[in-house]
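Engineer: here you go, sequence then predicted model.
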2 protein chains.
Amino acid sequence: MMENRDPLSTAEVIAVGSELLGTTRIDTNSLYLAGRLGSLGITLRAKSVVGDDRRELAQALRAALDRVDLVVLSGGLGPTDDDVTRDAVADVLGVPMAEDPAIVERIRARFAKRGLRMPEVNRKQAMVPSGATVLLNPLGTAPGLMVEHGRKLLLLLPGPPRELKTLFESLAEGPLKERAGPHRLFRATLFVTGQSESQVEEIAQPLYSRRLHTEPAIETTILAAPGQIEIHLSTRADDAELATRLLADARAELAEALGPDVFSTDGRPMEQIVGELLAGRGWTIGVAESCTGGLLLSRLTDVPGSSAWVTGGVVAYSNAMKSLFADVPPELMQAHGAVSEPVAVALAEGIRARAGSQIGVGITGIAGPSGGTEAKPVGTVAIAAVGPEGPARVRTFWFLGGRTQVKFNATQAALDMVRRLLL
Amino acid sequence: MMENRDPLSTAEVIAVGSELLGTTRIDTNSLYLAGRLGSLGITLRAKSVVGDDRRELAQALRAALDRVDLVVLSGGLGPTDDDVTRDAVADVLGVPMAEDPAIVERIRARFAKRGLRMPEVNRKQAMVPSGATVLLNPLGTAPGLMVEHGRKLLLLLPGPPRELKTLFESLAEGPLKERAGPHRLFRATLFVTGQSESQVEEIAQPLYSRRLHTEPAIETTILAAPGQIEIHLSTRADDAELATRLLADARAELAEALGPDVFSTDGRPMEQIVGELLAGRGWTIGVAESCTGGLLLSRLTDVPGSSAWVTGGVVAYSNAMKSLFADVPPELMQAHGAVSEPVAVALAEGIRARAGSQIGVGITGIAGPSGGTEAKPVGTVAIAAVGPEGPARVRTFWFLGGRTQVKFNATQAALDMVRRLLL
């Protein structure tokens, strides 16, 4: 039968669940599915969220089957009355459902393992639309299902992300790969800091626009993320070696044009880049933070293995603590104000000496919403980085946005100063 | 004309943008819109994401207009070829578009203010489908639009969240409120810590199930969020006084049954609750963190005004730093290990003395992924909190999950210990 089928090339994801239509929960499974399907060369054309309503879900499913080759449904496979995905699929396909004894047995065994009797409601999870392939779920009671519908394919997966991912990778990805065409999606990224989105666009545009017409063509997306501008390159190709080489060329050309503001060419975040530069030299870092309140230390210690290159640091919110923890002379704060370049340098040098580290960082500023003045508005942050040699590097920034954005952007700028010092 | 209209009671949100179909960006505007529309008594029935494709967007819009009273489209109102929302709407309504001179003037003035000439492409943003009401955007060049279509209503909003929110609240919400029915959505929340989702469910279920059948009925959703279980109560009613009273009753009953594990009954996060308890006493807090690496201090300093009650703290990753910054005796670490209750207490007492604060907190543990032993596996964290009176409170936790989850859960447990100490 395989030879008669067109390859799967387009997909739509429908997340099922009324809880995903409120103000607190968001469907993130579709981000994962977009990536996995993309790697198979299957493009996500649209996605949607539908409540636990059999008629509305059937309607959405019919519309999706009109448009794309593959429809992935996530959620609505539980045992309660709210769980309508199986029924809606049977409605649309016009097929009966029957209980699958193997599924009943498996659910019963799952309960038995915890010393429990299977509640009767769980039998509902064993109902299978005629003709469907069952994907047994190692992590929960809800099995996945795969159903052919003419030239189209339906994939039903449980909603909990861990179950969805495990089931997709162990049982769905293989069959989908066989049905997908020879094209795969290949990706590359660059992260840039210290430039605005439009500055990056201005430099990158003439370069990437030429690559839109190569064979295979390379698509470029520029995104503004907190503290960084991201350039995402992708290409669909059947020749992996060629695609990888073209992407590497395009990435290298952009990195060359954008210069040292490019800090990552493989998705590693700034704190990891800095950590690896430190580890490479066998150096450690000490930090004295005021307005960022511990966020820089927290980001550094998010990196696994950071205990090798973070000795520690201090959060000195008050002037007294700046003197007490990082030996900032009170006269210096009187003369220049606590938010000033000399105080940032003193914090960096003070913590470097205290912590016995090779690198010292000092941050002092006004995160807001109050505390700003005309001369030093909210968002003013002085940052210093000092190493074993040469004078301290110090700079004053004026960040926009609310308190948490000012905090984050200040830590990103501080990390970038350390990165440049280590290069 | 108003008297002939049915009230708006159902809505659908369509987010437009190919970047929302990839692996990195997610539509969060719909969470905001679900909340604002819900407050007006308009229920979100479904939501979807469509790429920058005029034909596909028109198809999705037609389907949505068949199903609901109000369709909100976000994004696709920019000046480039990719921006197809206006065109798709004109296609579906079957009306011509015309340039609105007032919009052109406004965009021109925006550019002039920055000393720039308006690029010709921006004229596209002044094209308005015949019959639409223009919602001028104070924060960007893309105006919003509101269009009647028979008994249905279309609302077009720009994609950037800040612009969407500003435009919605200043220009769209008023007209929608006039068109909505007499029912409004009312909400209440409780945040619980220290209990699992199923423990909360077991206590809450008998209480909330009775309230499903009151008039108006109260719906209850229990959600597991990082470090806390959230109970969301909601009801649709036309009598605000009655709804508010019923919700307050239900909330009080649940709070009573769940006891002091309930830390917030109005959406305030844990760090703010602790900050306000400290501020109420005129006290300050000092923190000595090891495995949480600054995250506790960062969370405390996320609260605006926290400089009044956070003096500061230290991140002491190495044993040497624990002695240097918080006076932990090296013998104590040799005798019990750095991850131990006596060391947590010494950190708390040491930082309390150093910082001159009323409260001291000490955290020491193993965030992973490496560093665990059989006796002290990854996720083992000892936390101590000490006040001006009485012995230190200290407890050892075993947290599950990856490094960032262990870090977050440890800070939540530490904040909760401080909260209980202050109650």
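Structural biologist: Ah, there it is.

Engineer: show me what counts as buried in stretch A:192-199.
Structural biologist: A:192-195 (16 or more other CB atoms under 10 Å in any protein chain shown). Yep, even glycine has a C-beta here, placed from its N, CA and C like the rest.

Engineer: got it, and stretch A:325-339?
Structural biologist: Buried, per 16+ other CB under 10 Å, within stretch A:325-339: A:325-326, A:328, A:332-333, A:337-339.

Engineer: in strands only, show me these.
Structural biologist: Assigned to strands by DSSP state E, none of the buried residues of stretch A:325-339 qualify.

Engineer: now, which of those residues lie close to chain B?
Structural biologist: A:Phe325 (CB under 8 Å from any CB of the partner chain).

Engineer: out of the buried residues of stretch A:325-339, give me the two with the largest separation.
Structural biologist: Farthest-apart pair in the buried residues of stretch A:325-339 is A:Phe325 and A:Gly337; separation 18.7 Å (CB to CB).

Engineer: list just the nearest of the buried residues of stretch A:192-199 to chain B.
Structural biologist: A:Val192 (15.2 Å; CB to the nearest CB).

Engineer: for the closest one, list each beta-bridge partner.
Structural biologist: Beta bridges link A:Val192 to A:Ile229, A:Val262, judged by DSSP bridges.

Engineer: show me the contacts for it.
Structural biologist: By CB atoms under 8 Å, 6 or more residues apart in numbering or on different chains, the contact set of A:Val192 is A:200, A:228-231, A:258, A:261-263.

Engineer: about what we covered before: format the buried residues of stretch A:325-339 as TSV; extra columns: pLDDT.
Structural biologist: Output for the buried residues of stretch A:325-339, formatted as TSV (pLDDT from 0 to 100):
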residue	pLDDT
A:Phe325	92
A:Ala326	94
A:Val328	97
A:Leu332	97
A:Met333	97
A:Gly337	95
A:Ala338	95
A:Val339	96
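
Engineer: tell me the one among the buried residues of stretch A:325-339 nearest to chain B.
Structural biologist: Out of the buried residues of stretch A:325-339, the member with the shortest distance to chain B (by CB to the nearest CB) is A:Phe325, at 6.6 Å.

Engineer: near chain B, which residues of the stretch 1-150 of chain A show up?
Structural biologist: A:19, A:21-26, A:28, A:31-32, A:34-35, A:38, A:44-51, A:56, A:59-60, A:63, A:67.

Engineer: report the buried members of those residues.
Structural biologist: A:19, A:21-23, A:25-26, A:31-32, A:34, A:38, A:44-51, A:56, A:59-60, A:63, A:67.

Engineer: from the residues you listed, which land in helices?
Structural biologist: If you go by DSSP state H, these have A:31-32, A:34, A:38, A:56, A:59-60, A:63, A:67 in helices.

Engineer: surely A:Ile363 touches A:Ala344?
Structural biologist: Yes. Judged on CB atoms under 8 Å, A:Ile363 makes contact with A:Ala344 at a distance of 6.7 Å.

Engineer: give me the pLDDT value at A:Thr214.
Structural biologist: On pLDDT, A:Thr214 comes in at 83.

Engineer: how would you label it: helix, strand or coil?
Structural biologist: coil (DSSP: H, G, I helix; E, B strand; the rest coil).

Engineer: ok, now which ones touch it?
Structural biologist: So A:Thr214 contacts A:Leu246 (CB under 8 Å, 6+ apart).

Engineer: kindly report the same for A:Ser196.
Structural biologist: A:Ile229.

Engineer: quick check: it vs chain B, distance?
Structural biologist: A:Ser196 sits 13 Å away from chain B, going by CB to the nearest CB, to the nearest Å.

Engineer: A:Asp327 now?
Structural biologist: Applying CB to the nearest CB to A:Asp327 and chain B gives a distance of 13 Å.

Engineer: any regions of the stretch 101-250 of chain A where pLDDT drops low?
Structural biologist: Applying pLDDT under 70 to the stretch 101-250 of chain A flags no residue at all.

Engineer: need the helices for it, in chain order.
Structural biologist: Using DSSP state H, counting those that start in this stretch, the helices of the stretch 101-250 of chain A run over A:101-113, A:161-167, A:173-179, A:197-211, A:240-258.

Engineer: list the buried residues in the longest one.
Structural biologist: It stands for helix A:240-258. Under the neighbour-count criterion of 16+ other CB under 10 Å, helix A:240-258 has A:243, A:246-247, A:250-251, A:254-255, A:258 buried.

Engineer: can you put those residues in TSV and add distance to chain B?
Structural biologist: Below are the buried residues of helix A:240-258 laid out as TSV (distance: CB to the nearest CB, whole Å):
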residue	distance to chain B
A:Ala243	17
A:Leu246	20
A:Leu247	16
A:Ala250	18
A:Arg251	17
A:Leu254	18
A:Ala255	20
A:Leu258	19
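
Engineer: now, which of those sits nearest A:Ala102?
Structural biologist: A:Ala243 (41.5 Å).

Engineer: isn't the closest one right up against A:Pro216?
Structural biologist: Yes. Here A:Ala243 reaches A:Pro216: they are 6.2 Å apart, a contact under CB under 8 Å.

Engineer: tell me, what's touching the two both at once?
Structural biologist: A:235, A:237.

Engineer: re the thing from before, now the contacts of A:Val192: which count as buried?
Structural biologist: The buried subset of these - by 16+ other CB under 10 Å - is A:200, A:228-231, A:258, A:261-263.

Engineer: relative to chain B, which of the residues you listed is nearest.
Structural biologist: Once CB to the nearest CB is applied, the member of those that ends up nearest chain B is A:Glu230, at 7.5 Å.

Engineer: follow-up on the earlier one: now for the ones in helices among the buried ones among the residues of the stretch 1-150 of chain A next to chain B: which two are most distant?
Structural biologist: A:Gly38 and A:Glu56 (28.0 Å).

Engineer: strands of the stretch 251-400 of chain A, start to end?
Structural biologist: Remark: strands assigned in the stretch 251-400 of chain A by DSSP state E, counting those that start in this stretch are A:262-264, A:285-289, A:310-316, A:359-365, A:380-386, A:393-398.
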